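Engineer: Requesting a structural model of the entry that follows:
(one chain, ligands or ions: 2)
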Amino acid sequence: MGELLKPYVISNVGMSLDGKLATIDNDSRISGEEDLKRVHNIRKNVDGIMVGIGTILKDDPRLTVHKIDAKIGDNPIRIVIDSNLRIPLNARVLNKDAKTIIATTLKDTPNKIEKINKLKDMENVEIIRTGIEKVNLKKLMEILYKKGIKKILLEGGGTLNWGMFKENLVDEVSVYVAPKIFGGVGAPTYVDGEGFKTVDECVKLKLEKYYPFDEGIVLEFKVKK
Ligand SMILES: NC(=O)C1=CN([C@@H]2O[C@H](COP(=O)(O)OP(=O)(O)OC[C@H]3O[C@@H](n4cnc5c(N)ncnc54)[C@H](OP(=O)(O)O)[C@@H]3O)[C@@H](O)[C@H]2O)C=CC1
Ligand SMILES: Nc1nc(O)c(N)c(N[C@@H]2O[C@H](COP(=O)(O)O)[C@@H](O)[C@H]2O)n1
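Structural biologist: Numbers count the residues shown, from 1 in each chain. Ligands and ions are numbered 1, 2, ... in the order given. You can find the predicted model right below:
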């Protein structure tokens, strides 16, 4: 088997010291303005920004470069991972500020076919279908690479982060850790999902850089392959 040709993937989040991406009430205001500017500088330098449907439903993000000086043309392609096309047609990620790829599965239901037709009518939206129950992230990466998407910023949430780490699709980690503790067993963490059973199986990282930032710290790692 040849090497998987895939985009270089940078995972970024803002998290509390206890690894939460939001509080139990889904308050995700973790990063201050300086950190958001840092993230938008990364956004400006990638070909795609990827999130899971959970993040779309909870945050309704724009996923554009809007915290630093930028032109509409600087906006990367937005990529939403959404097996059952739960994306609302008025989601901000579907606005005309950038192109949006929605990755969904091959499984059809009458509702899904109707939604696909509506989404196809939107000129800036493209649908990619791969996987049966969940989006096949490995295959998706190959498809995106062939489309010229060579660098992706993965912006969560915890369930999609697990899917990407589990498949060994992440190359770099860059996180802002805020000096805050949220607690709450139900609050989303940086990486959720099933988790690895043993330390031997886990994803191993090499610390590359760390620096105090805003009120917290930025940590940068390369994923050991
Ligand atoms: N502080 C921060 O930096 C950030 C915080 N957040 C927070 O994270 C939370 C959202 O996280 P979460 O609810 O985990 O949602 P995610 O954004 O991680 O989306 C997860 C969904 O993606 C879909 N999916 C499809 N295929 C796959 C696959 N192969 N692997 C994994 N997921 C797949 C699944 O839904 P389906 O089966 O329907 O396809 C799954 O439930 C919110 O509270 C948000 O505010 C999010 C981003 C950054
Ligand atoms: N880096 C970072 N820090 C936080 O504190 C956050 N809450 C997030 N959230 C991510 O950014 C998205 C919002 O993007 P827009 O400003 O609407 O473009 C949000 O959905 C998360 O993916 N990130």
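Engineer: Report the beta-bridge partners for the residue of the chain found nearest ligand 2.
Structural biologist: The minimum distance from the chain to ligand 2, using Cβ to the nearest ligand atom, falls at residue 14 (2.7 Å). Backbone N, C-alpha and C define where each C-beta goes, glycine included. Beta-bridge pairing of residue 14 under DSSP bridges involves residue 176.
Engineer: Quick check: pLDDT value at it.
Structural biologist: Looking at residue 14, its pLDDT is 98.
Engineer: before we move on, what about residue 170?
Structural biologist: In this model, residue 170 is scored at 98, pLDDT.
Engineer: Would you mind measuring the gap between the ends of stretch 189-198?
Structural biologist: Across stretch 189-198, the terminal residues are separated by 19 Å (Cα to Cα, to the nearest Å).
Engineer: ah, wrong one, I meant stretch 121-137
Structural biologist: Calculated as Cα to Cα, the first-to-last residue distance of stretch 121-137 is 25 Å.
Engineer: repeat for stretch 93-111
Structural biologist: OK, stretch 93-111 end separation, Cα to Cα: 21 Å.
Engineer: ditto for stretch 121-135
Structural biologist: End to end - Cα to Cα - stretch 121-135 spans 22 Å.
Engineer: Buried ones in it, by neighbour count?
Structural biologist: Across stretch 121-135, burial judged by 16 or more other Cβ atoms under 10 Å covers 125, 129, 130, 131, 135.
Engineer: Same question for stretch 109-117.
Structural biologist: 112, 115, 116.
Engineer: cool, stretch 82-90 as well?
Structural biologist: For stretch 82-90, using 16+ other Cβ under 10 Å, the buried residues are 82, 83, 85, 87.
Engineer: what does the protein have sitting close to ligand 1?
Structural biologist: For the chain, the residues in contact with ligand 1 (Cβ under 6 Å from any ligand atom) are 13-15, 21-22, 26, 28, 30, 51-55, 58-59, 81-84, 86, 134-135, 137, 155-160, 163, 188, 192.
Engineer: what packs against the least confident helix or strand in the chain by mean pLDDT?
Structural biologist: Every helix and strand of the chain was ranked by mean pLDDT, DSSP states H and E. The lowest is helix 110-120, at a mean of 94. Helices and strands touching helix 110-120, as assessed by 3 or more Cβ pairs under 8 Å, 6 or more residues apart in numbering; DSSP states H and E, comprise strand 100-104, strand 125-129.
Engineer: what's the angle from the helix or strand just after the last one to strand 125-129?
Structural biologist: This means strand 125-129. Using DSSP states H and E, the helix or strand that follows strand 125-129 towards the C-terminus is helix 137-146. Relative orientation of helix 137-146 versus strand 125-129 (axes from the mean of the first three to the mean of the last three Cα atoms, to 10 degrees): 130 degrees.
Engineer: For helix 137-146, name the packing helices and strands.
Structural biologist: strand 77-81, strand 125-129.
Engineer: anything in the helix or strand following that helix near ligand 2?
Structural biologist: For helix 137-146, the succeeding helix or strand toward the C-terminus, using DSSP H and E, is strand 151-154. No: judged by Cβ under 6 Å from any ligand atom, strand 151-154 stays clear of ligand 2, getting no closer than 9.3 Å.
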